[in-house]
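**Student:** everything below, folded, please.
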Amino acid sequence: MRMDADIEIDRQAGEVFDYISNFENNPHWQRGANEARFITNPPLRNGSRFEQVADHRGRSIVTRFEVIDYEPGRSITIKSIESDIQTQVTRRVEPLGDRRTRVTADIQTEPAGMTRFLGPILRRFAQQAVDADYQRLKELLEQRL
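**Tutor:** Next up is the predicted model:
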């Protein structure tokens, strides 16, 4: 199942990238994310790991992610390494001038169990959630002006 995001934010690209690549910020803009913390020491690099606790259909799910591709200031790709749902996310930033940035995201998940059969229906709801999350990110970062 694949979802995507494409949004423009009135902030400098470096600031936006620093925010979205610090996964401890996820609970501030991603619905359902309750906690996220790095489990490896800085600096951020390929191989860095973090753990996120999220609510999913009334139950708490802990997922561990690893950074598998990191281009400082430009893009970051993470992949779940311990989870009920296999997930890979790539986030990219592109400067559009001095104070405007395009953020794109490519999210791929592989539902497990019975949810595999509900893929097309779940994808629509998941895409709506992704759209809402990235709108929240935009609003949050633009309020910080």
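**Student:** tell me the bridge partners for the closest residue to residue 20 other than its chain neighbours.
**Tutor:** Excluding the flanking residues, the one nearest residue 20 by C-beta to C-beta, 6 or more residues apart in numbering is residue 91, at 5.3 Å. C-beta here means a position set from N, CA and C on the backbone, and glycine is covered the same way. Note on residue 91: beta-bridge partners residue 76, residue 105, judged by DSSP bridges.
**Student:** surely residue 91 touches residue 107?
**Tutor:** No: checked against C-beta atoms under 8 Å, the pair residue 91 and residue 107 is beyond contact range at 9.2 Å.
**Student:** tell me which of these two has more neighbours.
**Tutor:** Taking other C-beta atoms under 10 Å, residue 91 and residue 107 do not tie; residue 91 has more neighbours (21 against 18).
**Student:** quick one: residues contacting that one.
**Tutor:** By C-beta atoms under 8 Å, 6 or more residues apart in numbering, the contact set of residue 91 is 20-21, 75-77, 103-105.
**Student:** switch to 10 Å and redo it
**Tutor:** Neighbouring residues of residue 91 by C-beta atoms under 10 Å, 6 or more residues apart in numbering: 5, 16-17, 20-21, 74-78, 103-107, 134, 137.
**Student:** now residue 36
**Tutor:** Contacts of residue 36 by C-beta under 10 Å, 6+ apart are 22-28, 30, 50-54, 63, 65.
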